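**Q** show me the folded form of this:
(chains A, B, C and D)
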Number of protein chains: 2
Amino acid sequence: MSEEDLGALLARATRRLLKEEQPLLAAQELSMWAYIVLSRLASSPAETQLSLAGEIGYDKSRLIGLLDGLEGEGLLRREPDPADRRAKIVALTALGQARYEAARLAIREMEMRLLDGVEETEIVRLRQLLAGLSAE
Amino acid sequence: MSEEDLGALLARATRRLLKEEQPLLAAQELSMWAYIVLSRLASSPAETQLSLAGEIGYDKSRLIGLLDGLEGEGLLRREPDPADRRAKIVALTALGQARYEAARLAIREMEMRLLDGVEETEIVRLRQLLAGLSAE
DNA sequence: TATTGTTATACTCTATAACTATA
DNA sequence: TATAGTTATAGAGTATAACAATA
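**A** Below you'll find the model as predicted:
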């Protein structure tokens, strides 16, 4: 019984990736959670802050301050939903979209550097297996 | 630019694995950090608490309470090093070894269940790639 | 003077509860 | 009455500093 736990292997790889991402995000003046929020909003606005919190696995009360900061920097907007005046639609601004794409690009290049020498088909399979492991 | 970040994929897979491990560890009355300590000690004792802390990436001051608990349960011993009376050698007891192996076995079975249907050679390759990503 | 184990302290992150305004 | 956003508070987890014993 000497093979390492899969969980430990995954945890270490994750830690490594996050560590490599840190300086790239800092260069865009983004925290990890800020980047996660921008990632989620890049494809489409969030209906409510509550749904946004749920989708990214973040607490709705902590989300407030995070959005305050991002809105203050002009990276996103909170628009009151005309259909439900309690709710706010959260959407990226053009600046936010650009900032996200810059961070994303830097991260993508870092990932390719880490996987240098690995066949494209193997990377695809790796992604498949990771997605499969994530599925509940 | 629609492919998901590798870091995000890894983070989700890790979260899933740790979530699945939780009840298995609880059944052995072990916390995640306790299991990590036992894992490290299973192969050989630690020279000092400081080196143990460094090896598992845990704070040396927090390690104290954790070891106190494990020692109280009789899962490990702290023996003063005859060569350096400041240091304490940390080693598993037979009970600790057994407890570790029980947890390890349950986790191994859970991992196999999650990877059910995946070819053995692919699992080997997955482990290789994860180890490669972890290496500094 | 430096290091090991330890304790105490401060800080960050996270979760919970309570409040308001709308529905 | 229930829900969205917000604020305040409490808790867990983590990091930092200081201390006694030994090197």
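**Q** which element is the residue positioned nearest the centre of chain A on?
**A** Centroid-nearest residue in chain A: A:I36, 2.6 Å away (criterion: C-alpha atoms, centre = their mean). Assigned by DSSP states H and E, A:I36 belongs to helix A:32-43.
**Q** that helix near DNA strand D at all?
**A** No - on the criterion C-beta under 7 Å from any atom of the strand, helix A:32-43 is out of touch with DNA strand D, staying 12.6 Å away. To be clear about C-beta, it is placed using only N, CA and C from the backbone, and glycine gets the same treatment.
**Q** return the distance of that helix from the chain's centre.
**A** 5 Å (C-alpha atoms, centre = their mean, to the nearest Å).
**Q** elements contacting that helix?
**A** helix A:6-27, helix A:49-56, helix A:60-72, strand A:76-81, strand A:84-92, helix A:94-114 (3 or more C-beta pairs under 8 Å, 6 or more residues apart in numbering or on different chains; DSSP states H and E).
**Q** now tabulate the ones you listed in JSON lines and tack on mean neighbour count, mean pLDDT and distance to B:D84.
**A** Output for those, formatted as JSON lines (neighbours: other C-beta atoms under 10 Å in any protein chain shown; pLDDT from 0 to 100; distance: least, C-beta to C-beta, whole Å):
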{"stretch": "helix A:6-27", "mean neighbour count": "18", "mean pLDDT": "96", "distance to B:D84": "30"}
{"stretch": "helix A:49-56", "mean neighbour count": "16", "mean pLDDT": "97", "distance to B:D84": "49"}
{"stretch": "helix A:60-72", "mean neighbour count": "14", "mean pLDDT": "97", "distance to B:D84": "46"}
{"stretch": "strand A:76-81", "mean neighbour count": "15", "mean pLDDT": "97", "distance to B:D84": "57"}
{"stretch": "strand A:84-92", "mean neighbour count": "16", "mean pLDDT": "97", "distance to B:D84": "58"}
{"stretch": "helix A:94-114", "mean neighbour count": "16", "mean pLDDT": "98", "distance to B:D84": "40"}
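**Q** how about these in JSON lines, adding distance to chain B?
**A** Formatted as JSON lines, the helices and strands packed on helix A:32-43 follow (distance: least, C-beta to the nearest C-beta, whole Å):
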{"stretch": "helix A:6-27", "distance to chain B": "4"}
{"stretch": "helix A:49-56", "distance to chain B": "10"}
{"stretch": "helix A:60-72", "distance to chain B": "17"}
{"stretch": "strand A:76-81", "distance to chain B": "18"}
{"stretch": "strand A:84-92", "distance to chain B": "14"}
{"stretch": "helix A:94-114", "distance to chain B": "5"}
